[in-house]
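Quick one, what's the 3D model for this:
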Amino acid sequence: MNNPVGWFEIPVNDMDRAKKFYDAVFSIDINIQDFGNLLMGWFPSDLESHGSSGTLVKAESYVPSHEGTMVYFSVEEIDEVLPGIEPAGGKIINKKQSIGEYGFVAHFEDCEGNRVALHQRPKM
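Numbers count the residues shown, from 1 in each chain. Below is the predicted model of the structure:
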């Protein structure tokens with residue numbers, strides 16, 4: 001059985017600013033693809049690994065928001081990621097909090113105004 005989510009898209013107004021933010025927060029290099037009326041910033045992915053990858057998207061019909069679906073990024077340690085949110089242009093909404101046997105979560109607003117989250121699995 002596969003996990004139900006296979007792809008995500010995060011709306012942005014300024015692709016360069018969003019790329020810089022996510023590159024800094026997660027120590028990655030987002031790959032920008034220009035499809036004319038659609039600009040995408042692909043997160044790194046490994047098709048052999050579990051989990052979903054996705055993209056930043058700039059297009060007329062994509063509007064950053066706190067409303068609607070929220071993406072959770074899996075991280076090894078939330079406390080190592082949170083300190084980079086505000087210097088990169090984001091805002092911490094909820095600091096690290098326990099969700100019991102399922103680990104920990106934290107919520108932030110990215111540089112574009114999207115509500116996004118972090119998830120840390122429990123240590124075994």
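
Specify the helix with the largest residue count in this protein.
Of all the segments of type helix in the chain, defined by DSSP state H, the longest one is helix 15-26.

Can you list the helices and strands that that one packs against?
With contacts taken as 3 or more CB pairs under 8 Å, 6 or more residues apart in numbering; DSSP states H and E, helix 15-26 sits against strand 39-42, strand 53-58. C-beta coordinates here come from the backbone N, C-alpha and C atoms, glycine included.

at 10 Å what do you get?
Under the contact criterion of 3 or more CB pairs under 10 Å, 6 or more residues apart in numbering; DSSP states H and E, the helices and strands touching helix 15-26 comprise strand 7-11, strand 31-34, strand 39-42, strand 53-58, strand 72-74, strand 115-120.

Show me what counts as buried in whichever helix or strand comes after the shortest one.
Next along the chain after strand 72-74, taking DSSP states H and E as the criterion, comes helix 78-81. Buried residues in helix 78-81, defined by neighbour count with 16 or more other CB atoms under 10 Å: Ile78, Val81.

Return the distance of helix 78-81 from the chain's centre.
14 Å (CA atoms, centre = their mean, to the nearest Å).

what's in contact with it?
Helix 78-81 is touched from outside by 25-27, 73, 75, 95-97, 103-106, 108, 117-120, with contacts defined as CB atoms under 10 Å, 6 or more residues apart in numbering.

following it, which helix or strand comes up?
In the C-terminal direction from helix 78-81 (assignment by DSSP H and E), the next one is strand 91-98.

ok, for the residue nearest the centre of the chain, nearest residue in space, not its chain neighbours?
Using CA atoms, centre = their mean, the residue of the chain that lies closest to the mean C-alpha position is Phe73, 5.4 Å off. Closest residue in space to Phe73, ignoring its immediate chain neighbours: Leu118 at 5.5 Å, by CB to CB, 6 or more residues apart in numbering.

contacting residues around the residue nearest to the centre of the chain?
8, 22, 25-26, 43, 51, 54, 81, 106, 108, 116-119.
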